[in-house]
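Asks: Have a look; sequence and predicted model below, questions after that.
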Amino acid sequence: MRLVGKAAEKDIMPKMDAYPIHLMRTALYHFAHTLVWTAMLLYQIQCVGLTPLQLVLVGTTLEATVFLCEIPTGIGSRPLLVTSGEAWYRPYFYTKETRTARP
């Protein structure tokens, strides 16, 4: 798209380097990821009442499942595998919410 008039004389948006944007996006993603997992652990301890052993078993099972599902990443199409990974994760969170819902 070609700009005409005053918009062509000056940039509408200032240009930024890609690296600072990448760092900011990565930092925000990891902060949100850590916040969600911390909140999930607190929920499992306080509301569900899991013991430390049960927390370790649930975490180990989840990590083993993720590891096994990520093995075919080098074989198949990356977008297809990401979509299928999302399809495996969502039922876990939905069923966990319905099983542990308070009356």
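Replies: Yep, that arrived.
Asks: Could you report the neighbour count for G59?
Replies: G59 has 13 neighbouring residues, counting by other Cβ atoms under 10 Å. From N, CA and C alone the C-beta is placed, and that goes for glycine too.
Asks: So which bits of the helix or strand that it is a member of are buried?
Replies: Per DSSP states H and E: G59 is located in helix 52-70. Neighbour-count burial for helix 52-70, counted by 16 or more other Cβ atoms under 10 Å, picks out V58.
Asks: then that helix to PDB, C-alphas only?
Replies: Output of helix 52-70 as PDB, limited to C-alpha atoms (Å, rounded to 0.1, in the frame of the first residue of the first chain):
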ATOM      1  CA  PRO A  52       2.500 -33.300  48.100                       C
ATOM      2  CA  LEU A  53       2.800 -36.900  46.800                       C
ATOM      3  CA  GLN A  54      -0.400 -36.400  44.700                       C
ATOM      4  CA  LEU A  55       0.900 -33.100  43.400                       C
ATOM      5  CA  VAL A  56       4.200 -34.800  42.300                       C
ATOM      6  CA  LEU A  57       2.300 -37.600  40.600                       C
ATOM      7  CA  VAL A  58      -0.100 -35.300  38.700                       C
ATOM      8  CA  GLY A  59       2.900 -33.100  37.600                       C
ATOM      9  CA  THR A  60       4.900 -36.100  36.500                       C
ATOM     10  CA  THR A  61       2.000 -37.500  34.600                       C
ATOM     11  CA  LEU A  62       1.400 -34.200  32.900                       C
ATOM     12  CA  GLU A  63       5.100 -33.700  32.000                       C
ATOM     13  CA  ALA A  64       5.400 -37.300  30.700                       C
ATOM     14  CA  THR A  65       2.300 -36.800  28.500                       C
ATOM     15  CA  VAL A  66       3.700 -33.600  27.100                       C
ATOM     16  CA  PHE A  67       7.100 -35.300  26.400                       C
ATOM     17  CA  LEU A  68       5.400 -38.200  24.600                       C
ATOM     18  CA  CYS A  69       3.200 -36.000  22.600                       C
ATOM     19  CA  GLU A  70       6.200 -33.800  21.500                       C
END
